[in-house]
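A.B. asks: take this sequence and fold it.
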Amino acid sequence: MDSIYHAVGAKMPCAADFARHQIAALFYHPAMQTLTTGGNKIMRSPLVEQFMNLLREHYITETAVAFYSERLHISEAHLSRIVKQETEMTVLQWINSFRIKHAKQLLRYTRMSMSEIAFDLHFTSAEYFRYFFRRETGISPIVYRQQSTN
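C.D. replies: Residues are numbered from 1 along each chain as shown. Okay, here's the model as predicted:
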């Protein structure tokens, strides 16, 4: 794949970044991962599957638990309880993990600035994006980019 990126990048540097981002998104979407315990697949309830489908569609623009619970016609507490019970992660942890994984893809596979990434992921500012990334990962986005490209 690197040869594709280099061939495209030699003619159009921005196109190479875009292509790399799109390919990464196809192959590494967090919701495509199956929950497993001891090698066995865990069947999720229809409610959790519906939540995951909504999350795949809206995680960039919708970061409030209320959005998902309203779409599923249940209370925030009920959604939170069921998701936590079945996945061992809270709704907010799922939302944040999707946003972080997307941010990591952009940091690793594009040359987008922090401001551009913050805008792309609907953060209120580049400063808040940096704070959020550090809080969730323990390192700054700049350090992550440096480590992931070496």
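A.B. asks: element containing residue 107?
C.D. replies: Assessed by DSSP states H and E, residue 107 sits inside helix 91-109.
A.B. asks: buried stuff in the helix or strand just after that helix?
C.D. replies: Using DSSP H and E, the helix or strand that follows helix 91-109 in sequence is helix 114-120. For helix 114-120, burial by neighbour count (16 or more other CB atoms under 10 Å) applies to 114, 117, 118, 120. Yep, even glycine has a C-beta here, placed from its N, CA and C like the rest.
A.B. asks: counting contacts, what elements does helix 114-120 pack onto?
C.D. replies: helix 91-109, helix 126-137, helix 141-149 (3 or more CB pairs under 8 Å, 6 or more residues apart in numbering; DSSP states H and E).
A.B. asks: what lies in contact with the shortest one?
C.D. replies: When contacts are defined by CB atoms under 8 Å, 6 or more residues apart in numbering, helix 141-149 is touched by residues 103, 104, 107, 108, 114, 117, 129, 130, 133, 134, 137, 139.
A.B. asks: center of this protein, which residue is that?
C.D. replies: Compute the mean C-alpha point of the chain, and by CA atoms, centre = their mean the closest residue is residue 98, 2.6 Å away.
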